[in-house]
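Undergrad: Pasting the sequence and the predicted coordinates here, then a few questions.
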Amino acid sequence: MSGNQLIREFKLVVVGGGGVGKSALTIQFIQSQFVDEYDPTIEDSYRKQCTIDNETAMLDVLDTAGQEEYSAMREQYMRTGEGFLLVYSITSRNSFEEMPTFQQQILRVKDRDYFPMMVCGNKADLENERQVGTEEGLDIAHAFGCPFLETSAKTKTNVEEAFYTLVREIRRYNKEFSSVPAAKSGASAGAYGAPEDNAGGCSCSLRLTDEKLDEYKDAFSMFDKDGNGSISAEELGEVMKSLGPTPSQQDLIDMINEVDVDGNGTIDFEEFVMMMERQQGRITISDTDLRKAFVTADTNYDGVIDETELVTCIRNLHYDPTDPSVQSAMQHVLKECQGKIAFSNMRMLAVQLPPPTNEDEELKSAFNVFDKDGNGTICKSELRQVMQSLGERLDDDEIDAMFKEADANGDQVINFEEFKAMMNSKI
């Protein structure tokens, strides 16, 4: 690195209930020492320079108060944090059950449906006192759409990896937000008829009719006065008026917040088309569902998914990857993105996926009843719970037989296409 190159700083915040080992985890990472007894934290900040994936970074780590009397301070540090380490103790079920409270508060303060987080089950060295299973930690992390590790500040297990993984999540998040930049005046026309980005990445085209595309371009151009490929959020209401029924003020605000992901107050043409298609009911998949499916499929946390991971992602969205129309959409996006799909490209894929039939919607609702943890698959214990709730008192052999029949690929879970086949076979 040259001497005049700035080192990227990351503001990390460690949150969790009292006594879960937030301070011990932080001090072990910063100072490589284990602090067994520590006074309840009000707020302590630490800094450490690290090299993560060959990039130098300065980590500014804020160790926060977990006690209820300090809870009023949470929103203050949540506003400035770039990534959050959500810590519970595997020896305390109460601390585990607090995780959704912290996660939801972060999302509310940030006004996002996703933000970089990492779930840590701390005190993994106290196995004999365990109250929270590893699978439970994995399940809640999948529900949040973020990575998970069990850590031990005492033995230094996964301590460094937890902080490093959080930095990778921040980098990926920032990369996604910058992967669809505002088009530059004078650039060549892309798949939408809007300018293409020449700095790399892909611009996945939507399968719109020429008439519809021209309609969108005309409306967009009316307000893109300087020809820079973007319109301000304030102009959005006027654009909507030119195309049809005007949404309510709250609907308009919701659409702006959903599309203007980088919060810069402008909307480029791809975001505009995405918003219009969603408003007119041609996109039925929410960004939250897309995010969960994408993060679950991205097993190496590199911010992109390949063809194999895309199949997993599609299944997590309750689509059948062997369906010809779904395969066509997948191959189209893979070709446009040269086999590496970022999350922003998943939004474009959502437009091309076929709309669900009424039958599919009913099956998805039924599937979600079984899929208790929301990870896109049904495990044997979930099947047993639902059957019991329906009054079906099946013994283990009967459950095993039912599960084996449905689990066509033998991976010990039932995905949506297997569930659909099982239900259709009983009709």
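TA: Received the coordinates, thanks.

Undergrad: count of neighbours near Lys212?
TA: When neighbours are counted by other CB atoms under 10 Å, Lys212 registers 16. The C-beta positions use only the backbone N, C-alpha and C, and glycine is treated the same way.

Undergrad: helices and strands around the helix or strand that contains it, which ones?
TA: Following DSSP states H and E, one finds Lys212 within helix 210-223. Counting contacts by 3 or more CB pairs under 8 Å, 6 or more residues apart in numbering; DSSP states H and E, helix 210-223 is packed against strand 230-232, helix 236-243, helix 269-279.

Undergrad: which parts of it are buried?
TA: Lys212, Leu213, Tyr216, Lys217, Ala219, Phe220, Phe223 (16 or more other CB atoms under 10 Å).

Undergrad: just the strands in the protein please.
TA: Ranges of strands in the chain, per DSSP state E, are 8-16, 43-52, 55-64, 83-89, 117-122, 148-150, 230-232, 266-268, 304-305, 341-342.

Undergrad: how about Phe102, what does it touch?
TA: Val15, Gly16, Phe84, Leu86 (CB atoms under 8 Å, 6 or more residues apart in numbering).

Undergrad: Could you double-check that the first one sits in contact with Asp63?
TA: No: between Val15 and Asp63 there is no contact under CB atoms under 8 Å: 9.4 Å.

Undergrad: between those two, what contacts are shared?
TA: Lys22.

Undergrad: Using the record's assignment, carve the chain into domains.
TA: 8-177, 287-352, 362-425 (automatic domain parsing).

Undergrad: which one of the ones you listed lies closest to Ser230?
TA: Among the domains of the chain, domain 8-177 comes nearest to Ser230, with 14.3 Å by CB to CB.

Undergrad: For the nearest residue to Arg315 once chain neighbours are set aside, give me phi and psi.
TA: Excluding the flanking residues, the one nearest Arg315 by CB to CB, 6 or more residues apart in numbering is Asn415, at 4.7 Å. In terms of degrees, to the nearest 10, the main-chain angles of Asn415 are phi -90, psi 180.

Undergrad: re the thing from before, which one of the domains of the chain has the poorest average confidence?
TA: Lowest mean pLDDT within those: domain 362-425, a mean of 76.

Undergrad: mind checking the backbone torsions on Arg112?
TA: The phi/psi pair for Arg112 (degrees, to the nearest 10) is phi -130, psi 160.

Undergrad: In CSV, list the domains of the chain along with distance to Gly227.
TA: Shown next, in CSV, are the domains of the chain (distance: least, CB to CB, whole Å):
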stretch, distance to Gly227
domain 8-177, 23
domain 287-352, 23
domain 362-425, 43
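
Undergrad: right, and those domains - which one's nearest Gly229?
TA: Between these, domain 287-352 lies closest to Gly229; by CB to CB that is 15.6 Å.

Undergrad: Which one, of the domains of the chain, ends up nearest to Asn228?
TA: Between those, domain 8-177 lies closest to Asn228; by CB to CB that is 18.2 Å.

Undergrad: ok, and the closest non-adjacent residue to Phe272?
TA: Phe220 (5.5 Å).

Undergrad: Could you do Ser325 as well?
TA: Using CB to CB, 6+ apart, the closest residue to Ser325 is Pro354 (4.6 Å).

Undergrad: Same check on Leu349?
TA: Using CB to CB, 6+ apart, the closest residue to Leu349 is Val333 (4.8 Å).

Undergrad: hang on, the one you found packs against Ala342?
TA: No: Val333 is not in contact with Ala342 according to CB under 8 Å; the separation is 10.6 Å.
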